[in-house]
Every structure is written in C-alpha cells, then in structure tokens.
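K.L.:
I'll drop the sequence and a predicted model, then ask my questions.
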Amino acid sequence: MPKEKGKGMTRENDPLQHSFSKNTSMMGLINELWYLKRDIVSDDFDRALYRLAEEVPMTIHEYASGETCWTWRVPEKWTCQEATLETLDGHRLVDAADHPLHVVSYSLPFEGVVSRTELLAHLHVHSKRPEAIPFVFKYYDRNWGLCATQAVRDALTEESYRVVIRTSFEPGTLKVGEVVIPGQSDECFVLVAHLCHPAMVNDDLTGVVVGIDVARELLALSQSQGQTYYTYRLLILPETIGSVAYLSHNEELIPGMSGGLFLEMVGNDSPHALQGSFEPNSQADRCLNSVLKSLDPQGYLGEYRTVINNDERQFNAPGVRVPMLSLSRVEPPGSPTRPYPEYHSSDDNPGIVTSERLEATKQVVLGMLRAWENNQYVVNQFKGEVFCSGYGIWIDYRVNPEGHRLLFRIMEHCDGEHTVADIASILQTSFQSVWEVVALLQSKDLVWFSRTPHPTRPRKRQAGL
Amino acid sequence: MPKEKGKGMTRENDPLQHSFSKNTSMMGLINELWYLKRDIVSDDFDRALYRLAEEVPMTIHEYASGETCWTWRVPEKWTCQEATLETLDGHRLVDAADHPLHVVSYSLPFEGVVSRTELLAHLHVHSKRPEAIPFVFKYYDRNWGLCATQAVRDALTEESYRVVIRTSFEPGTLKVGEVVIPGQSDECFVLVAHLCHPAMVNDDLTGVVVGIDVARELLALSQSQGQTYYTYRLLILPETIGSVAYLSHNEELIPGMSGGLFLEMVGNDSPHALQGSFEPNSQADRCLNSVLKSLDPQGYLGEYRTVINNDERQFNAPGVRVPMLSLSRVEPPGSPTRPYPEYHSSDDNPGIVTSERLEATKQVVLGMLRAWENNQYVVNQFKGEVFCSGYGIWIDYRVNPEGHRLLFRIMEHCDGEHTVADIASILQTSFQSVWEVVALLQSKDLVWFSRTPHPTRPRKRQAGL
Amino acid sequence: MPKEKGKGMTRENDPLQHSFSKNTSMMGLINELWYLKRDIVSDDFDRALYRLAEEVPMTIHEYASGETCWTWRVPEKWTCQEATLETLDGHRLVDAADHPLHVVSYSLPFEGVVSRTELLAHLHVHSKRPEAIPFVFKYYDRNWGLCATQAVRDALTEESYRVVIRTSFEPGTLKVGEVVIPGQSDECFVLVAHLCHPAMVNDDLTGVVVGIDVARELLALSQSQGQTYYTYRLLILPETIGSVAYLSHNEELIPGMSGGLFLEMVGNDSPHALQGSFEPNSQADRCLNSVLKSLDPQGYLGEYRTVINNDERQFNAPGVRVPMLSLSRVEPPGSPTRPYPEYHSSDDNPGIVTSERLEATKQVVLGMLRAWENNQYVVNQFKGEVFCSGYGIWIDYRVNPEGHRLLFRIMEHCDGEHTVADIASILQTSFQSVWEVVALLQSKDLVWFSRTPHPTRPRKRQAGL
C-alpha cells in the first residue's frame, strides 16, 4: 500500500517482507541482474530494484514522471522495443536485440532511410575502445542514436541505410530503494549507489551489491550486538535525478546527515581510491581518510571532483552540504585508461570483476563504518602525563622509540577537543593506531568518549594570530 | 562661502558651479598644469586644483598652516622668488627660472658666498640619471638646497660660489579637492591621487587626470543609469599631509570606507602593477586582484609596501585601516630603473606619457569599480546541483572539460557564504569568469545577490582543527 | 613547623630564614652538591635541596611515599648501603663506594652467586661511551642491577660471580622546593629544574643553579626597582613525579600559569636550544622564540618534543596545558652525540661545565624574562602614520632603507591587536628590534601598552575565507 510522502509516493516493500531473508551472494546478484536494461526510469530498473528488495528490508520511494524535484524534473519511463540498422538490401548491421547498448539510452524514436553522412552523426563509437559498443545516454538533450563498434562504422561505405528505432516515452515512476539500519541516534551516515547503467557491471552494479551486503552485515550486527550509534541509510537509485528526487522529498533528514559514502566501480583490478568531500576538514573526511591505508595499503586519496563524479555531488552541493566521500577502484591519476579500460562500454561485463575484490571492498567499507562509529572526542580523565608504568602501558623509548613517541603524542592530544580522526590527521598516522591507544586508555578509565567537544584545559586559550 | 568643518575649513566650489561642465581631455589637462610649481602648500598647487574644479563638481577643503592633524602639522605656504648659483665673476650656472626643480622644494632662504665644499653639500644631483635635474624636497627637515645635472656639478672647480635663494614661508591653507559621486549606500570607495609634484607629469599628474576622468564617467553613469550602490569619493591632495589632514577632519566617514585605490604613474610605458592593501584578505583586495588580469593581461600583483609608497599608507594605517590598494605602471621587481627611468627628475615630462595609456588605465579603473559594484555574496535559490540541461546552461564535459569543471566549481560555491571575489580567489580564476556564471544563474532566478553573508547550509558546520 | 596543603605537606624553610642570604656562586654550588646521590626520594636529594634553600627564600613541599598524585604514586625513599660485584675468590670488580652510578637507581636488593649469563642481564654499560659508567634507573619497573664500564664487562670470563646489593625502600617524602618572586599580578611564569640525577652535573645540576641565580636576580630587582608584573615561580624537584606531585596539589594555580621554561644541560659546550611548547602560537612561544637569537646568535629553535624531554611535558599535558618551553645546550639535530657526549654517564662531571657558560645561560634566561615582562599589546594613540620627522624618529629611506622599512612595518602593526611578540613573529624580526621602536613610540606618548587586546580599528573586520 503506497503512502504519501511529500509529493513523492513511498511504498514499503510489504509484499516482499517474507522473502527478504534471501541471502544471495554478490556475484550471484550480479549475474542475475547485470544484463537488464536498467535505464533511469524503466521496467528493468524496477525489476532489478524489486529483486534487490528480496535481500534486505527495503522501502521503495516512487516519484512520478514530470514531478518537479528542486530544479529538476522526473523524466518519462523509456522503453526500446526495437533498434536496428540495415543496408537498403536488408542486411542487418546493428540490432539492440543483440546488446542493449546498441541504442542510445533515451533515444528518440526514428524510422527511415538516411544518408551515410546523417547516419554517422547518430552512430556512436567508443573513443578509446574501438572493438566495444559504447554506453551513450541522452536523458534530457534528446536525439535519436545508435551505438556500434568502430569496425561496423568503418565498414559503412554505401550511400544510404535504413534505421528503425522504436522507443516509447510514457508516464512512469522513478524509484529509489532505501534500506535503513536504525541507530541509537537520528544522526545518519548515508551510503549511495546507482543502479541505472544498463547491461554493465563494474559501473554500476558492483557498488549496489557491496552496499546491499554491507547493509546485511549492519543489520546482523545490530541484532547480535545491539544498535549502532549512527543510523545508516543505503540508497539505491538512478544517478543524479535519483539523489535529487530523494533529497528534495526528505529535506528534514538533511541536517542529520553527518557523513556519507558513494560506492561504484569496486570489482575491477585497481586499488581503492577514496575521493574527499567538498569539506576536506569534515569529520567524515578525516575519519575515512585516516582509515583507508590500513584497509587497503595500495589505496590512495583524491580531492573532491578529481577521481570520478557521481551522486556525491548532489549531497555535497549548496543547500545540502552533506560531506559525502566516494569509494571506487580507479586507476591512478595520469593513466590513459582511467578510470578503467572497459568504462562505459559493452566490455564492462561480469568477466572483469571478481568476488574476492567485491568482498575486499565490503571489508573496506565496514572498516570505515567501524571507525566512523568509534570516532568520538577523546576526553582525558587524567591530568598531566599518564603514569604509564603504573598502568602497564609503558613503551620503553630505548626499545621502541617510534612507539614510545607515538604513544605520548596521542595521549597529549586527548583533551576533549580532538576526535580520534583529528588526532590521526594531526599526527599523520592511521585511525587504527590512534584507536588502539585510546581504547587501551579507556579500558583503564583514563579517558572517556564524547560525541561533542568537551575541553578540559584550565587556562583560556590565548589569542593567536 | 567657506563653511566650518571640524577645525578645517571647507569651501564648496560655488563660483565654479557653472563651469564644471568643461570636458578637457586628460592630455589637455596635463599640458595645462604640469609645469606649475605645485609644492604641497603653494599658489601653484591652488591654481592647479581650482582649474581641475572646473571639470567636475568639487568641494575644496582648506586646512590652515600650523593646524594640528593627528600627529602632524600643516606646513606654511612656500614660495620661491629666485634661486641661482653663480661664479664669483657673475657667470650663472643654475637658475630656478629655467626649471622649477633647480631649487629644493621648501628650501630655506640663503644668500651668500660659499666654499666649493659647502656648496657641494647643498647641491643635489640624480643618482641614476646624471643628465637630469632631480626632484628633492625638505618639507620638515629643512635646509637650503639647489639641484642640478651631474655635468654642472662636475664643472665646479673654483674655490667659492655665490648662492641666492629667496624663498618665503607664510601662513596659507593646504587644500584637498573632493569629488563625491553619491551612491545608494553611504558605504564608500575612495580614489586618491596627489597633485604636489612640481613640474612633473607621470608622478603625479597622470593619476590626478585619470581620477578626474573616472569621476566624470561615474557621474555620467549615475545620471544615465541611476545611482551606483557604493558612494565614490575622489580626493586630490598633497601627498601624505593631505591625506592626514582630510582623514583627521572626517573621522566619521572612516568606518564607512570599505575599500580604496590610490592612483599614480599611469602614463609611462610599463604594465599595470596593483599593490595590495595591509589586509590581503579584504574584499577590496580579493576583488581588485581577481579582475586585474582581464583588464591588463600584462598586469601583475604586489604585496603592500612592495611596489611604491604613497597616500594608501595613511588609509591602511592603525586607527584608519581602510583597505586601500594602489594602481600604477611600474617596471617589474628587480629592474634597475624601477619604478621608471625618469622617476623624480626633470625628465618626467609630457613626452613620456601617452593619451592611449591614460585611457587604458582609466578603463582598468572603471573595470575594477564595475567588479566592486558587482561583488556581492551569491546566495543559492537552488538546492543540490542545478538541472543545467533544463536551464539551457549545460556545458558538455566531453566537448569542453575545463568549462564544465569551472561551471560546476563556481556553482558549488554559491552558498551565501562567498562573494564573487571569494569564489574567484578560491578557484584562482578571474572575477569575470565567475561573474559570467553567476549573472547567468541570477538571470534564471537560481541565485540572488546579497551585500551581507546569507548562509544556506542546513547542517551546522563541524568543528575543524 | 609543617603545614597541611591539600594532601601534601608544605614546610616553609623557617629554620633557614636567617641564612638564605648566602650567595654561593653557581660553580660553588655545583662543586658542593654534584656528587651527592640525589635519587628521586633520598636523603641526599633532601640534603641538596636544604642546602639550596640557604641561598634563596624557599618553601619546601613534601609528599609522602605512597601518596596518589593524579595517576601517579609517590615512590618510597631509596637508600643503597652497599653494592659490589666480586669474583668467587673475593676480587672486587665493581663497588658503588667508588662511584654512585655503579648501582642502578632504585635497584632491588640482591645477594648471591650468579652465573655469568645471569649477571650480564643485570650489568649495564653505556652504549655510546664504553669507558664510562652509565646512569640507569628503574623507579617503577624494578629489578636489581649494577653498572660498569665496557672493559669490566668484557673481562668477565669466569662462570660465576658474587653480587651483593643492599638497598632499602622505606617511607619517606618527595620534596619540591618552590621559590616565589611575587609580582603585581597573580599571573605567573614558571621556571623548573630537576635535581634528581645522582653524581652528575650538566644533567641536571646546571639547570638548578642557573634557576637559583635567576631567582636571586629577580628578588634583587624586585627590591631595587619594584615588583615585576608577573609572579615568578622556580620549582626544584625530582623529574616527572616531582612536577606531577606539585601540580596535582596546586591545581588552583594552573589557570594563572601563562608560560614557563624548563632549564637543564646548560653548562656544556653547545649553543642554546630553545624547545617550543605544545602550543607554538602561545605568547610564551612567540616571545621567547623571538628573543633567542639576540641573546645567543648561535641559538636555535626546535619544536615540542624534538630536543629533549623533561618536566615541561607535565606542564604541557592535557588538563594542565601551560605553554612551557625548554632551554638547554644541546648539539644540533643529526649529531651522533646528541644531546651531548657525556649524557647520562659518569663523565658528566664538573670538568665539562664552565662558569662562563652558566653565566651566559643566566643572562639568556633573564633576557627572556625581560621580554616576557615587556610583551604587551601595543595600542596606538596615533591614527594614520606617525609624523616621524615631527617626533624626531624619521629614518631616511635613502640612507637606511631596511631600517626605514622596519620602522614603518612595526608602526603599522601597533593597533591594539598585536603584542610585541606577535609583531616580531609576523615580521620575522627580533623582539628587541620591535621593542626598541615601540618603547620609543611610548616615550613620545604615541602608544601605550595593554595586558589585554584593545583593538582600535574603526571598521568591522570583513569576513575572510
């Protein structure tokens, strides 16, 4: 039974309540769903989303075509019945029945004989990967179009060709799947992945299935160990317009979103790249940045907008300003095949991802969320330096000078003014190495953790420059 | 009819009201006024100022000799009737009748026969330009003195010479000309130029005539297009003491002065140098800095006190702290003839300036003031990213990646916390490129402009380091 | 008569009141006290402290063994009656009667025949200085132990040896000597030196005697010229536990401690090293840093925890946060014999220190305290630039361009928002060169000094980035 929410419609997946205990593996979900024509508003998108809702308790929000979402408008549902290119004597050169990418997503319908020149203006190839079919979309700036390999295009020597593109634009609903893992606090961390890239895998299905598996783990943890502090929200949506639709209908949630992470391209063979948010000094940035290297020693950091652009842009944007980072596996800056060789092509298929890499990324995400949960202000119960020998935590500087120095530098920042991530950031060390020390101190009642600053300095801070 | 203002006297130029519609060209004014002996308090200074008052509606403030202005005191009016150097047998070697610079400005009177040695201690030459007569002044640390070329000095082989310097020091009034272009707000931008360098042109008459022409343009604009937002004040005065006299008698205006620009040396053949104020992060600094390159691609920036020192020092000083920049044409740092070869010499004559360069500088100043008027906080009406295709402002990243990136980086800073100049400064781009985008956004009702910050972020800013 | 203070006991040195007018030289005190076995709680420590109390009016605080001080506990009094190593046939190889360092400080008692292997685990040598006896201490992580030269150790070829260590642990009191020079204000600057290194000189007795001599000078100055502004406190104590004991019993004093300096290793032949506090922008840091070079042109700066670790750690620690710097003579970073060759060895004897160097360090400390007294906010009485010629303080830029520039750059920061140290820090010049200018300005009534900020800018500060 759909219920009204703002102008959008929200349907909780009651009919699926019985079945969400399914526990399909990430690769299993990929194999089932990857070849669907998951265009942004489409029947296959819905099919994929409903299938995912069998895996986790999911609320599905619906936003009708034509509905205004902030400055945007929800597009029509698009369906392609047929898309072919033939010689005038009936030899079929291109057929969307062979591969969904042969037609431009949201192509206008078109039927007729066109000159070779006109055809070339509508026949797209992949600039870096001639043997593959490119992924081309024209959601708003519409036209008709087909996609093919370079070889097909190069072989076009006749004067005219016949094109048949039968597509329909009809009212539908854009759908956003939301999985909520309630925490003790309404303050919320948001995971986002998009599902709208038809017949491709690394971009974008890998982010979705990792998100689903992370949600399953959080739910299990919540049941076994009690609620987390933060509420977690996983959103599965069509890129950009999905985020805008959701956010514009849930504005009251925005002030409570203190951090987020976008997930995509996490099955291919590259190290993890963590892209910072618009606010590089946010706790989300400091925390996730300081934990990356321990979770993937090959992992690297990039500033906002320098790795890959996705939904995190809507969350970081003016009037929203949720510090959302982005995690993906992307070749290092300067690589000619960045983000990865098969990007936006028909070669982005299950063959380029492995379950090991998906699992590794899942562990990276879980490690980041563990740090996020633990990232509190460290408030000293002690004054002066701690009597380390007395508490059995002394590190002899003659034996381990680096360890000794780090222990003392961490302790000296436990002053109620710095979070674990702040300390890691100042000392340019890992979240974990700080956490190990402060957790030990806490176990000895030497510090306690606070979600808000709790300064303990007796003297007022002197004015600096 | 003079009216009392503080301790100073202010005379509005009523007798000249009829004639200020004169529209003499900048070079015309230079040719008329340059050779006058415009010492800081002198009849020729007054002549020049009254002549300028025929060009624009000007108020002339008078401050009597001996009057205290903050820590300063207004000097006497100084007149030189005669200044000569002769051999004992009557051969005249130096005569101020030949060129006003032959006598030190504010030289004490002296008459007598002096030994060659004593004469040399009083006969000044130009250290870098031996063939010219130097400009030397002794306004406060007084002595008698003559100036000559190196050749004249080198030819002094006799034992004694006769010196006649007939100068008088008498009560007078220091005069400051003020042109006000009233704006909608009392908040004010100040243009300053000094007029007190006798028989020279680039330093300082060029700054004065550009200031006059800018004022004429602002008055015309005001009449044709309505009042500007800011009030503009052009001050024409003797260097240093003129600024101190004016400011100390108009203290109530100081809090409203939010920016300023000093003008000088703008006719010679060098690129524009823009010297920052004492407060490099002021809106005045950010705005003028970010607009310079578009107005003069050869233009360059310099920090406070590193290009050339003038009246901007009084405005930037403690107890005043108006962020006043300085615009001049000065050879680049490291040049041996910096600021320019003819500086403070008799070679600084109309031959080294051109009307084209004066006009170009005028356009630079007007461009800066245009930016200053436009420099407001940009407040987003939108939330999330703007639906660019929907508003017809999409830049395709496949066609123009730099343009695409800049568009989005500008939009993402439109958050009510940044002015146009702030955004240009952060993105290290020009004021104009930011302005073009935000003006477009405004025309689509996507942003509005505010003179004060108007933050739109829903979440409270997290504590940084 | 001891009086109760918190849980600790405080005894003012009444019986010594008559004699504190003794005026023994620094080297005299060293010669008298250096060879005492000044272990942290010991009879010889007390002897040394009582002897020092004859030189200055001192309050002696006592904290009983076992007493809790924040996270610490005061150790027992330790005494070594005998400590020897012999061959089984009675040939004595090591004897603490020969040198106090032959036994580990706070060694457990032990008596018996041990195998060569076991002996080696308890016989310490100096890793960098084989011919000397090392200083080894086991205050909390206890064991029995002896110390010897490398040659003695290398000659141990027999299978077994006889060890006799007769030490006792009994209740005693840890003692802290406090010399107070009262100022007009309760705000306080703290000097600290430790006294607990047995039979050594540079580390730590030199810091103690310089502290005593500085205190004598301050007392004399106070009598001859009136009270200083700040109250000064010299603390002489056993390292670490002494600071913790004092601070934990005097918490009410902490908010008033606005700066401090730890003193140690100041007699050897190295330039002065000034180690910053945990808060590098504190007034204490800025002030002392900016004055060092004028006092010792070879002196150099180091960040917190990068030169040498001592009691300043307790003062800078969480819950205390007094910005305490540290002054010592230490070889430059990278030197293999850092801090100095004889460090923590029996070679640290009176032969490596000179009275000239002690006197020089005393002058450095006094120079720093003079600057600290003078370090106030400089508030302009003037507005605009000062009429320098009128006040006779003009520096001609043609004669002394650097001096001219510095004069004006200093004056322009006299705005009630910057202290003398702030100005020196911004201009990267010495405290003295700023002080000379502002003292001159004050003598002309152009500025006054304020202990708190007193901004004079008419315009409100514009929002920066």
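P.N.:
That came in fine, so what should we check first?
K.L.:
near chain B, which residues of the stretch 101-250 of chain A?
P.N.:
Residues of the stretch 101-250 of chain A found near chain B (CB under 8 Å from any CB of the partner chain) are A:139, A:140, A:141, A:240, A:243, A:244, A:247, A:248. Every C-beta, even on glycine, is put in place using the N, C-alpha and C of the backbone.
K.L.:
what helix or strand is the fifth one on?
P.N.:
Which is residue A:243. Per DSSP states H and E, residue A:243 falls inside helix A:241-249.
K.L.:
next SSE downstream of that helix?
P.N.:
Next along from helix A:241-249, by DSSP H and E: strand A:257-263.
K.L.:
what angle sits between that following strand and helix A:241-249?
P.N.:
Using axes from the mean of the first three to the mean of the last three CA atoms, to 10 degrees, the inter-axis angle of strand A:257-263 relative to helix A:241-249 is 170 degrees.
K.L.:
mean confidence for the next helix-or-strand element following strand A:257-263?
P.N.:
Using DSSP H and E, the next helix or strand after strand A:257-263 towards the C-terminus is strand A:272-275. Computed over strand A:272-275, the mean pLDDT rounds to 98.
K.L.:
repeat that for stretch A:217-237.
P.N.:
96.
K.L.:
buried stuff in stretch A:171-178?
P.N.:
A:172, A:173, A:174, A:175, A:176, A:177, A:178 (16 or more other CB atoms under 10 Å in any protein chain shown).
K.L.:
so can I have a markdown table of these showing distance to chain C?
P.N.:
Shown next, in a markdown table, are these (distance: CB to the nearest CB, whole Å):
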| residue | distance to chain C |
| --- | --- |
| A:172 | 46 |
| A:173 | 43 |
| A:174 | 38 |
| A:175 | 41 |
| A:176 | 36 |
| A:177 | 40 |
| A:178 | 37 |
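K.L.:
as JSON lines, these with pLDDT and secondary structure would be great.
P.N.:
Formatted as JSON lines, the buried residues of stretch A:171-178 follow (pLDDT from 0 to 100; DSSP: H, G, I helix; E, B strand; the rest coil):
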{"residue": "A:172", "pLDDT": "98", "secondary structure": "coil"}
{"residue": "A:173", "pLDDT": "98", "secondary structure": "strand"}
{"residue": "A:174", "pLDDT": "98", "secondary structure": "strand"}
{"residue": "A:175", "pLDDT": "98", "secondary structure": "strand"}
{"residue": "A:176", "pLDDT": "98", "secondary structure": "strand"}
{"residue": "A:177", "pLDDT": "98", "secondary structure": "strand"}
{"residue": "A:178", "pLDDT": "98", "secondary structure": "strand"}
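K.L.:
contact residues of chain A facing chain C?
P.N.:
A:380, A:382-387, A:389-391, A:394, A:405, A:408-409, A:411-416, A:446, A:456-460, A:462-465.
K.L.:
one more time with 7 Å
P.N.:
Applying CB under 7 Å from any CB of the partner chain, we find that chain A lies next to chain C at A:380, A:382-387, A:389-390, A:394, A:412, A:414-415, A:456-459, A:462-465.
K.L.:
show me what the helix or strand where residue A:165 lies is packed against.
P.N.:
For residue A:165, the host element (DSSP H and E) is strand A:160-170. Where contact means 3 or more CB pairs under 7 Å, 6 or more residues apart in numbering or on different chains; DSSP states H and E, strand A:160-170 is packed against strand A:77-87, strand A:110-115, helix A:116-122.
K.L.:
tell me which other helices or strands the shortest one touches.
P.N.:
Read it as strand A:110-115. Here strand A:110-115 touches strand A:160-170, going by 3+ CB pairs under 7 Å, 6+ apart.
K.L.:
pLDDT of the strand it packs on, averaged?
P.N.:
Averaged across strand A:160-170, the pLDDT comes to 98.
K.L.:
and residue A:426, how close does it get to residue A:290?
P.N.:
Distance, residue A:426 to residue A:290, using CB to CB, to the nearest Å: 10 Å.
K.L.:
residue A:431 now?
P.N.:
Distance from residue A:431 to residue A:290, by CB to CB: 4 Å.
K.L.:
please apply the same query to residue A:346.
P.N.:
Distance of residue A:346 to residue A:290, computed by CB to CB: 39 Å.
K.L.:
of those two, which one has the most company?
P.N.:
Neighbour totals were compared for residue A:346 and residue A:290, and residue A:290 leads with 27 against 22 (other CB atoms under 10 Å in any protein chain shown).
K.L.:
now do the contacts for the more buried one.
P.N.:
Applying CB atoms under 7 Å, 6 or more residues apart in numbering or on different chains, one finds that residue A:290 lies in contact with A:421, A:424, A:425, A:430, A:431.
K.L.:
quick check, the third one in contact with residue A:286.
P.N.:
Yes - when contacts are counted by CB atoms under 7 Å, residue A:425 is listed as touching residue A:286 (4.6 Å).
K.L.:
flag every buried residue along stretch A:417-427.
P.N.:
Buried, per 16+ other CB under 10 Å, within stretch A:417-427: A:417, A:418, A:419, A:420, A:421, A:422, A:423, A:424, A:425, A:427.
K.L.:
in three-state terms, label whatever residue of chain A ends up closest to chain B for me.
P.N.:
Going by CB to the nearest CB, chain B is nearest to residue A:319 of chain A, at 3.2 Å. What DSSP: H, G, I helix; E, B strand; the rest coil gives for residue A:319 is coil.
K.L.:
with residue A:207 instead?
P.N.:
Residue A:207 - assigned by three-state DSSP - is helix.
K.L.:
local confidence estimate at whichever residue of the stretch 251-400 of chain A sits closest to chain C?
P.N.:
Closest approach between the stretch 251-400 of chain A and chain C, counting by CB to the nearest CB: residue A:383, at 3.2 Å. If you check residue A:383, the pLDDT there is 98.
K.L.:
contact partners for it?
P.N.:
C:70, C:318, C:319, C:320.
K.L.:
tell me which two of those residues sit farthest apart.
P.N.:
Greatest spacing in those, by CB to CB: C:70 and C:318 (10.9 Å).
K.L.:
out of the two, which sits in the busier spot?
P.N.:
residue C:318 (27 against 22).
K.L.:
now do the phi/psi pair for that one.
P.N.:
In terms of degrees, to the nearest 10, the main-chain angles of residue C:318 are phi -50, psi 140.
K.L.:
helices of the stretch 301-450 of chain A, start to end?
P.N.:
Secondary structure of the stretch 301-450 of chain A (DSSP state H, counting those that start in this stretch): helices located at A:312-316, A:355-374, A:388-391, A:401-411, A:420-427, A:431-443.
K.L.:
fine by me, we can end here.
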